[in-house]
Structure formats: C-alpha cells, structure tokens
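**Student:** What would the 3D arrangement of this be:
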Amino acid sequence: MDVNATTGQFEITSIGALGVGVSGNLFGWTSGTLVGGMVRIDANGKVVDGLGNLTGTTTPGTTPFKSAFYAGIEGGFNMAGGP
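**Tutor:** Modelled structure (predicted):
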C-alpha cells in the first residue's frame with residue numbers, strides 16, 4: 001500500500017493474488033471459488049514485481065507501469081439423488 005501522508009489516504013498498489021473457496025451441503029452439494037489479483041506490466045508488456053523489476057530478475061522494468069486486475073468465479077451444484 002502507498003500511504004499519502006498529506007491526505008491520510010492510501011491506495012493499494014499491488015496484490016499478488018487471492019482466492020476464496022466454499023463448499024457445503026445446501027439442498028445438495030454446493031461449491032464455489034472466487035479468485036482474483038492484480039498484475040503490473042511495464043511499457044514493453046512484461047510483468048514486473050512490486051519493486052519495479054522484471055519478474056524473476058533484478059533488471060528494472062521500463063516505465064510507465066500499468067496495472068491490470070483479473071478475476072474469476074467457479075461454482076458447482078449436485079442435487080441429491082443426481083449422478
């Protein structure tokens with residue numbers, strides 16, 4: 001997170017990834033998963049880490065950086081007595 005000391009506001013500058021999954025017996029077997037994250041990309045379209053280096057190296061990426069958010073959802077339901 002990047003905290004702005006003059007305004008007291010902060011912005012999230014990097015989230016690697018997150019995932020949440022649930023399952024249980026609700027009128028049959030129900031399950032679901034939510035995944036998401038944010039990736040930083042340099043001016044050449046290469047992924048950079050939180051320090052601005054190309055992923056897996058200590059070589060700085062080319063500024064300006066852009067951020068892309070991604071998300072996905074998956075769900076399933078199996079009715080009682082079904083296959």
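**Student:** Quick test: name the residue nearest the centre of the protein.
**Tutor:** G37 (0.7 Å; CA atoms, centre = their mean).
**Student:** Report the beta-bridge partners for that one.
**Tutor:** Y70 (DSSP bridges).
**Student:** thinking it is in contact with Y70, fair?
**Tutor:** Yes: under the criterion of CB atoms under 8 Å, G37 makes contact with Y70 at 5.9 Å. C-beta: built from backbone N, CA, C; applies to glycine.
**Student:** Surely V20 touches T33?
**Tutor:** Yes: assessed by CB under 8 Å, V20 is found in contact with T33 at 7.0 Å.
**Student:** These two: who's more crowded?
**Tutor:** Neighbours per residue (other CB atoms under 10 Å) separate V20 from T33, with T33 holding more: 14 against 9.
**Student:** For E74, see how far away the more buried one is.
**Tutor:** Note on T33: its distance to E74, by CB to CB, to the nearest Å, is 5 Å.
**Student:** Output the lowest mean pLDDT helix or strand found in the protein.
**Tutor:** The least trusted helix or strand in the chain, going by mean pLDDT, DSSP states H and E, turns out to be strand 2-3, with a mean of 54.
**Student:** I'm done for today, thanks for sticking with me.
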